Structures are given as C-alpha cells and as structure tokens.
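# what's the 3D shape of this:
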Amino acid sequence: MLDLFFMLVVFTVILALIFDFGNGLNDAANAIATVVATGALPLWAAVLMAAIGNFAGVFIFGVAVATTIAKGLVDPSIVTVYVILGGLVGSILWVYVASYKGIPVSASHSLIGGFVGAAFAKAGLESLQMAGISKVLIFIVVAPVLGMIGGFLFFTLIMWVFRRADPRKMNRWFRRLQLISASSYAITHGANDAQKTMGLIAILLFSTGFLGDEFFIPLWVIIASYTVISLGTLAGGWRVIKTMGVRLTKLRPVHGFCAETAGSIVLAFTSITGIPVSTTHVIAGSITGVGVTRRLSAVRWPIARKMVWAWILTIPAAATVSGVSYFFISLFI
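So this is what the prediction gives:
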C-alpha cells in the first residue's frame, strides 16, 4: 500500500511538471511576441532567449509566490494528493486546449482555479483562504491595468525624449534595445510563473509527509520547475505568439521595448511581494497601452475582448473541471 501511495505522489509531481511545460508553451508569447513581431529576432532565436531568461529567474528572485500558492489560498490541513491531482487535471485540460486554439489564457489562473476548485469539492467554502484568493482576483484587473498604464506612460515619455530623432534611426536603436527588454521580461516571467508549480509540488510533499514537520521549498523542486517551464518555452507556441504580437495591434521596435519594459517592472514587483499574477494579463495590458498612444482604433478590440472573456472564464472553468475530477478520483483511486 505504501508503494502504491508513493507512486501516486510521484505521478502527481510528474503531472505538475507537465502543467509547468504547458505553462511555458502557452506563455512563450508573453516574453517573445513583441520581439518576433517587430523583427528584432527570428522566432527560433527569440524562443531560445526566452527559455534561457525563464531559467535565469531562479537565481534572481526568491520563493514568495510559491509560498503564497502553497499556503495562502487553501487551508494546508485539508490538502491531500487527491486534491492536488484533481486540481492539476482541470488546469492541464484548460491550458492545453487554449494553447491549441491560440487563446492566450492565464496558465497561472488555471492552476489557481484548479487547486481551489478541488479543495472546495473536498472540504467546502471553509477550506478556502479568502484573503489570498481575493488578492488573486483583484490582480486579474490590477495587473493588466498596471501594464497598460506603464506601457502608455513609458511610450509617451520615449516619444517626447526622441521627438526630433530620425524614425529610421530610432527603429534601429530600439530593435537592439528590445533584446534587453525582452530578456528582462523573460526573466521576470519565469520568476513569477515557475513558482506557482513549485508551490503546488511543495505543498503536496508537505501534506503527504515527505518534507517532515516544517514547510519549505526543496532545491530540486525549484530547479525542476524552472527547467521544465524553460523547456516549454523552448517548444514555442506560435499560435499564441501570433495572437499577442501580430493580431492585437501593429508593433514597431520602440513599441515592443516599452511594452516589455513596463511589463517586466510590474512582474518584478509582484514576484518580490509574493503576488501570483498572470504574465499574460500584464503583457497584453502593456501592448494595449502602447497601442492606444497612437489612437484607440490601433488596438483590435474584438481580439482584446475575446482575450478578456477567456481570462474571466479561466478560474471558474478550471475550478469546475477540477472539482468534478476530484470527485471521480476520490471515488475510484
């Protein structure tokens, strides 16, 4: 019986890393959509740069977001391997279907919704820590707004500073500068997103007794989570990249630089403070903010509305599927 339980825990850890791979696959667009759309880098080079940047986040930021995921959303005392397993099933289904359809959903909110939905199915409303969940829900709105404001203000400032510059020279300079801004965004993206998977794995190990009496994030969990999300990013995800970098608005190198810089500042702040935000929301907001500096019609609002609806539906959709998954898993396993 112990061997079977151990194998179930191992299987759940592997499933969490499969989700992590899908996170990198869907969210590759976050770091490289603008740099590909503006022609600053070819697709293969941009994907490689983003993968390296994702992994580099482990050496720069702490594990505040991972701790929030593990202990700030659900009462740790009710967490079992079945809760984690049910949550992952709903999350993975939503992320992989969205990636196939080219919909830039929030993999982060899929994971959060799945975890919360499975916990609710097991122990009801009392098992949920509403303060932490409220913070996540608030930042569904705040994160893209911060990105939009940052992109708008940063681009406006750049245009004022370089108002007398030759546009062709500006494009050449900002095409080079975009390599820095895109790398920065890739690092902060990995820092925020990989921590969500490591938090889930850590609370799984803690609740099943593999960490002892004190909760912590094991080093191998940190390395594995960052490695797998980097491999997912390396695999690409062209459908989502096309939506973010080409269909939402027309971008030039200076636009991409401003959007990536504004987005990376938002993600650095939230990673340090332990707020699990959607990197998709942040970069989409930044791109939109840059786009509206030209005119409102420069943004393709039907595409933006489709993205927003996907964001709104992500947590309840993942939570519902995960709740049903937990019910059947607890019956048959």
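
# does the residue of the chain positioned farthest from its centre sit in a helix, a strand or a coil?
Most distant residue from the mean C-alpha position of the chain: residue 164, 38.1 Å away (CA atoms, centre = their mean). Of the three states, residue 164 takes coil according to DSSP: H, G, I helix; E, B strand; the rest coil.

# Relative to residue 332, how far out is it?
Residue 164 sits 70 Å away from residue 332, taking CB to CB, to the nearest Å as the criterion. In this view, the C-beta of every residue, glycine as well, is placed from N, C-alpha and C.

# can you check residue 310 too?
According to CB to CB, residue 310 stands 31 Å off from residue 332.

# Also residue 124?
Summarising the geometry, the distance separating residue 124 from residue 332, computed by CB to CB, is 22 Å.

# the more surrounded of the two?
Neighbour count, other CB atoms under 10 Å: between residue 124 and residue 332, residue 124 has more, with 10 against 6.

# And that one, what's its pLDDT?
You'll see residue 124 listed with a pLDDT of 91.

# Quick check: what element follows the lowest-mean-pLDDT helix or strand in the chain along the chain?
Using mean pLDDT, DSSP states H and E, the weakest-scoring helix or strand in the chain turns out to be helix 238-242, at a mean of 55. Tracing the chain past helix 238-242, the next element assigned as helix or strand by DSSP states H and E is helix 253-273.

# how many other residues sit next to residue 162?
Other residues within reach of residue 162, judged by other CB under 10 Å, total 15.

# Now do the phi/psi pair for it.
Dihedral angles phi and psi of residue 162 (degrees, to the nearest 10) take the values phi -110, psi 30.

# That one contacts residue 170, doesn't it?
Yes: counting by CB atoms under 8 Å, residue 162 sits close enough to residue 170 to count as a contact (5.8 Å).

# give me the low-pLDDT residue ranges for the protein?
Where the chain drops to pLDDT under 70, the residues are 1-2, 26-31, 33-34, 37, 98-99, 101-105, 236-251, 294-304, 306-307.

# And the helices in it?
Along the chain, the stretches classed as helices by DSSP state H are 2-37, 43-56, 64-71, 81-101, 107-123, 130-161, 167-207, 219-235, 238-242, 253-273, 279-291, 301-332.

# Tell me who's in contact with the closest residue in space to residue 206 that isn't next to it in sequence.
Setting aside the residues directly before and after it, residue 206 is nearest to residue 215 in space (CB to CB, 6 or more residues apart in numbering), at 4.9 Å. For residue 215, the contacting residues are 70-71, 76, 202-203, 206, taking CB atoms under 8 Å, 6 or more residues apart in numbering as the criterion.

# if you set the cut-off to 7 Å instead, what comes out?
Taking CB atoms under 7 Å, 6 or more residues apart in numbering as the definition of contact, the neighbours of residue 215 are 70-71, 206.
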